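Student: the following comprises the amino acid sequence and a computationally predicted model.
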Amino acid sequence: MKFKSSLSYKECIGHHTLLYGETNTKKTYYTAKFIQFLIESKYFDLKDISILDFAPPHSIINNIKIGGKIKDFYKNSVKCNNLHFKGEIIPPRLNARNIKDLYENACKNYKKTFKILKSFNDNPTSILIVNDISIYLHVGNKKLLIDSIQKANTFFGNSYYGSSIKTDFTTLVSLREKRLVEYLVKKIEYSYSTG
């Protein structure tokens, strides 16, 4: 289903929602808007809103705009229950010169994202927000992700799903990512393509 910017965020409460699409299609922006709705509605305790931000910092690599954190789009998101890891996420494909670099980057990202997913699973809240799910999916296990999503009464997440980020040696990682995002699209209640 195609995402419409007129989507009523109120209708997402009590449901699981996934946005997926190419780079630069406002996935993180709309996710931040949902958090803004949650905070400004004042119906929710901020401690009940867990944010897992897997996105690399905003940058331009090979003329492709990538990344961007939720707090870049909505500063008050820092008031929620943000689960953190040390360091930053590495854009695994764009920061790799060869397949060895690619897998090293993906594994470093996995260790960070696994840690905070596990932390959420051990102490879930009623609302879960995940920015840039595909970073975890490069080598991560879909079962842990699905378990996390199912523990939340309301889930809102986004994932890269496209073809703009690729090189000759990234085909296998890109295929795995694509297949797992398609799995999530079928599994998650409301899934919207952002283009």
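Tutor: That came in fine, so what should we check first?
Student: now the longest helix anywhere in the chain: average pLDDT?
Tutor: Secondary structure of the chain per DSSP state H: the longest helix is helix 99-122. For helix 99-122, mean pLDDT is 96.
Student: do the same with stretch 187-195
Tutor: Stretch 187-195 comes out at a mean pLDDT of 95.
Student: just stretch 149-167 next, same as before
Tutor: 91.
Student: list the buried ones in it?
Tutor: The neighbour-count check on stretch 149-167 (16 or more other C-beta atoms under 10 Å) flags 149, 151-152, 154-162, 165 as buried. For the C-beta atoms, the positions are set from N, CA and C on the backbone; glycine is no exception.
Student: now for the residues you listed: which two are most distant?
Tutor: Farthest-apart pair in the buried residues of stretch 149-167 is 151 and 165; separation 29.9 Å (C-beta to C-beta).
Student: skipping adjacent residues, who's closest to residue 159 in space?
Tutor: residue 133 (4.1 Å; C-beta to C-beta, 6 or more residues apart in numbering).
Student: pLDDT wise, what is the one you found at?
Tutor: 98.
Student: what about it, how many neighbours?
Tutor: Residue 133 has 27 neighbours, counted by other C-beta atoms under 10 Å.
Student: residues touching it, list them.
Tutor: If a contact means C-beta atoms under 8 Å, 6 or more residues apart in numbering, then residue 133 has 18, 54, 145, 157, 158, 159, 181, 184 as its contacts.
Student: the buried residues of stretch 149-167 in helices, which ones?
Tutor: 149, 151.
Student: helices of the protein, residue ranges please.
Tutor: Along the chain, counting by DSSP H, helices occupy 27-41, 70-73, 99-122, 134-137, 142-151, 171-187.
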